[in-house]
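> Turn this into a structure:
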Amino acid sequence: MKKILANLLLGAIAFGFVTVACAATNEAKAAYKAAKNSATATYKEARAKCDALSGNPKDVCIEEAKAAEKRSKAEAEAKYKNTPKEHMKARIAAADGDYAVAKQKCNAQTGNAKDVCMEEAKAAHTKAVVDAKSSQKIGEVKSEAKDDKRDADYKVATEKCDSLAGPAKDACVAAAKSKYGK
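Okay, the predicted model is just below:
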């Protein structure tokens with residue numbers, strides 16, 4: 001009878017955790033959709049303001065609106081998925097948007113000044129993309145280093161257990177396995 005009650009209690013607790021996890025997922029999805037819709041609405045408002053302009057200032061205004069929308073949507077997706085790869089994609093999307101705006105601004109210039117402006121824009125874009133990619137790789141390297149350190153500590157702990165025998169050795173190895181997640 002006690003086992004049945006204990007199992008029912010554990011089942012109710014587990015169901016509670018699953019319900020909370022599903023609710024958190026639904027809230028995150030709703031926030032993601034709201035952020036995307038907000039980005040689209042903000043873009044439409046900014047784009048409408050650009051219609052009053054003409055020539056290159058209008059083109060720059062449109063690119064700025066597109067870049068802001070692209071950045072907002074990428075950040076929303078990165079926050080929703082919450083992976084290093086998505087955060088990297090968001091940083092690259094921001095760099096792409098900034099690059100498009102910079103290119104439009106360069107179009108107002110002529111001759112060598114335009115060429116210099118375009119090269120500066122390309123350089124800034126390249127640096128931003130490289131920084132985004134390297135930050136992801138640094139995170140991966142740190143994760144691998146953490147795993148390597150844990151493996152090394154586990155080997156040391158099991159080596160220490162070798163000096164023991166019988167149940168003491170078994171207990172020592174079991175403790176090392178649980179401590180280092182093996």
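> Could you look up the next helix or strand downstream of the longest helix seen in the chain?
Longest helix in the chain, counting residues (DSSP state H): helix 111-161. The helix or strand immediately downstream of helix 111-161 is helix 166-180, counting by DSSP states H and E.
> tell me which strands and helices the longest helix of the chain is in contact with?
Other elements packing on helix 111-161 under the criterion 3 or more CB pairs under 8 Å, 6 or more residues apart in numbering; DSSP states H and E are helix 84-106, helix 166-180. Glycine gets a C-beta too; all of them are placed from N, C-alpha and C.
> Point out the most buried one among these.
Highest mean neighbour count of the helices and strands packed on helix 111-161: helix 84-106, a mean of 19 (counted as mean count of other CB atoms under 10 Å).
> That helix: how far from the chain's middle?
From the chain centre to the centre of helix 84-106 is a distance of 15 Å (CA atoms, centre = their mean, to the nearest Å).
> looking at the helices and strands packed on helix 111-161, which one has the lowest mean pLDDT?
The weakest mean pLDDT among the helices and strands packed on helix 111-161 belongs to helix 166-180, with a mean of 88.
> angle of that helix against helix 111-161?
Relative orientation of helix 166-180 and helix 111-161, computed by axes from the mean of the first three to the mean of the last three CA atoms, to 10 degrees: 170 degrees.
> For residue 78, give me its contacts.
Counting by CB atoms under 8 Å, 6 or more residues apart in numbering, residue 78 touches 86, 87, 89, 90.
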